[in-house]
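**Q** predicted model follows, preceded by the sequence.
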Amino acid sequence: MAVFSFLLLSACTSMPMQHEQLELSDYQAIELRDTPFFPQDEYQCGPAALATVLQVSGVSSADPDGLREQIYIPDRRGSLQAELLAASRRADRIPYVLEPQFDALLTELYAGNPVLVLQNLALARWPQWHYAVVIGFNPESGTVILRSGTNEREELSLRYFEYTWRLSDYWAMVVAPEGITPATAEPLRYFAAVAAVEQQERWQAAKKGYTAAAITWPHDATSAMGLGNIAYQQQQFALAEEHYYRATELEPEQPAAFFNLAWALWRQNKQAEALLAAEYAQGLAPEHPLYGDAVERLQQAQ
């Protein structure tokens, strides 16, 4: 074991580490002590780690036993990242994969969000994958605190933790409570996360995701478009019209907003208004394969 630890530390010293770029004096010690703990049996780290962050997000029914059936793959003796993301969506939450940056992890931590991370506790060539949940950081001692395995409070040095995390390409995710965007959320990545929930027809979760995004990025039309699309799918055409109108106000040069608005109006038998919106979409993108013949499409529908 001592030889193995020496090999790990030797490998660390040969490559620059992200934590070395941090100004530790800018940070204060933090520990999310109320984070639940589920002792992880062998190969069950995925369900236990996911249950931890789901419970913090407000899914009180989340537990490792129930999640094991959803995400544990016996042949692999573990769980894949895609399975954790899918199970989070089934719990009506919006999982968000962080940028592969150490400061992104710390930003979420200071926002009160425990961070689920994937580690490789062995070597790149012979990996030993492990999920854990980061709940604390102590800049004075240079340590990270985790809920990990059977350890309710495992402290690892910054260097050793980052080495194990880097071998997974710094993969990490958070699950924010309903109606809240993660602290490090960026529009493109976040809207992709909400869209994945929407594609599963989890309408309420998707609506809450778009509504939260509208608060965070009030001048971005994507939330209005997303809410309009959900309303349209549920045949609430008057509500869809309202959201699409909002999208056209926020981004008047976006042909998709006018195209979708035209169809929401058409479904309500507002043909004159629908044709006007279609003409506008067509004028904004005359060469587009969809919007370029928006008027003809409506007329064919008639």
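**A** Received, thanks. Worth saying up front: this structure is predicted, and the values here are computed from it rather than measured. Residues are numbered from 1 along each chain as shown.
**Q** so where is the chain shaky, pLDDT-wise?
**A** For the chain, the stretches with pLDDT under 70 are 1-14, 42-43, 72-78.
**Q** how does this structure divide into domains?
**A** Here the domain parsing of the chain from automatic domain parsing is 2-175, 187-301.
**Q** closest to residue 181 out of the ones you listed?
**A** domain 187-301 (4.6 Å; CB to CB). For every residue, glycine as well, the C-beta is placed using N, CA and C.
**Q** make JSON lines out of the domains of the chain and add distance to residue 181 and mean neighbour count.
**A** Shown next, in JSON lines, are the domains of the chain (distance: least, CB to CB, whole Å; neighbours: other CB atoms under 10 Å):
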{"stretch": "domain 2-175", "distance to residue 181": "8", "mean neighbour count": "18"}
{"stretch": "domain 187-301", "distance to residue 181": "5", "mean neighbour count": "18"}
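**Q** for residue 138, list the residues it contacts.
**A** 29, 31, 144, 145, 155 (CB atoms under 8 Å, 6 or more residues apart in numbering).
**Q** please produce a markdown table containing the residues you listed, extended by secondary structure.
**A** Formatted as a markdown table, the contacts of residue 138 follow (DSSP: H, G, I helix; E, B strand; the rest coil):
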| residue | secondary structure |
| --- | --- |
| 29 | coil |
| 31 | strand |
| 144 | strand |
| 145 | strand |
| 155 | strand |
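**Q** dump the residues you listed into CSV; add distance to residue 242 as well.
**A** Shown next, in CSV, are these (distance: CB to CB, whole Å):
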residue, distance to residue 242
29, 48
31, 45
144, 47
145, 47
155, 52
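**Q** between those, which sits nearest residue 44?
**A** The closest of these, once distances to residue 44 are taken by CB to CB, is residue 145, at 21.0 Å.
**Q** what residues does the closest residue to the closest one other than its chain neighbours make contact with?
**A** Excluding its sequence neighbours, the residue lying closest to residue 145 (CB to CB, 6 or more residues apart in numbering) is residue 136, at 3.2 Å. Residues in contact with residue 136 (CB under 8 Å, 6+ apart) are 29, 30, 31, 32, 109, 144, 145, 146.
**Q** helix, strand or coil for residue 146?
**A** strand.
**Q** ok, now which ones touch it?
**A** Contacts of residue 146 by CB under 8 Å, 6+ apart are 117, 132, 133, 134, 135, 136, 153, 154, 155, 156, 161.
**Q** in its sheet, what does the strand or helix carrying the first one sit against?
**A** In other words, residue 117. Counting by DSSP states H and E, the element that carries residue 117 is strand 115-120. Strand 115-120 has these partner strands in its sheet, going by DSSP bridges: strand 129-138 (antiparallel), strand 172-175 (antiparallel).
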